[in-house]
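1. I'll drop the sequence and a predicted model, then ask my questions.
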Amino acid sequence: MSGAWSRPWASLFTFWTPPTTAQLTIETVPPLAAEGSDVLLLAHNVTENPLGYAWYTGERVENSQLIASYRIATNVTTKGPAHSGRETLYPNGTLLIQHVNQKDTGSYTLLITKDDLQNERQTGHLHVH
């Protein structure tokens, strides 16, 4: 009888896998922004102890598209060529865009530098109506 009980447990362990880390996501608040309103691009499931953040316009990580970067160790924000003067990058990786207009509609990419010097990135989308 003990042999019958041991088989189901063995198969349970065969199929058990450890939980995976939650994936980085970007949430746009509000999801549909009215022209002239303020919008937050919120980073969810950010890796623990990141070294810094960088936001870019579009879906590619290119220096010419850099809005701003933030280095956690020094608490320093650096504005990039794509900074319009309406963006604020917060220490938790959230990007605020004030007084959005139609030209702000599009993709925004967050690049996170992790403590192992690997990068994690995710793209969110802003829709202004």
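-> Right, received. Where do you want to start? Numbering: from 1, shown residues only.
2. Just name whatever secondary elements the longest strand anywhere in the chain is in contact with.
-> For the chain, the longest strand by residue count, based on DSSP state E, is strand 119-128. Counting contacts by 3 or more C-beta pairs under 8 Å, 6 or more residues apart in numbering; DSSP states H and E, strand 119-128 packs against strand 25-29, strand 32-33, strand 39-44, strand 106-113. C-betas here are computed from N, CA, C, even on glycine.
3. who does the residue nearest the centre of the chain bridge with?
-> With the centre of the chain defined as its mean C-alpha position, the nearest residue by C-alpha atoms, centre = their mean is A43, 4.0 Å away. Assessed by DSSP bridges, A43 has beta-bridge partners I26.
4. likewise L66?
-> Bridge pairing for L66 - DSSP bridges - gives Y56.
5. ok, back up a step: which outside residues touch the longest strand of the chain?
-> Strand 119-128 has contacts (C-beta atoms under 8 Å, 6 or more residues apart in numbering) with 23-28, 31-35, 39, 41, 43, 47, 59, 61, 97, 100-102, 104-114.
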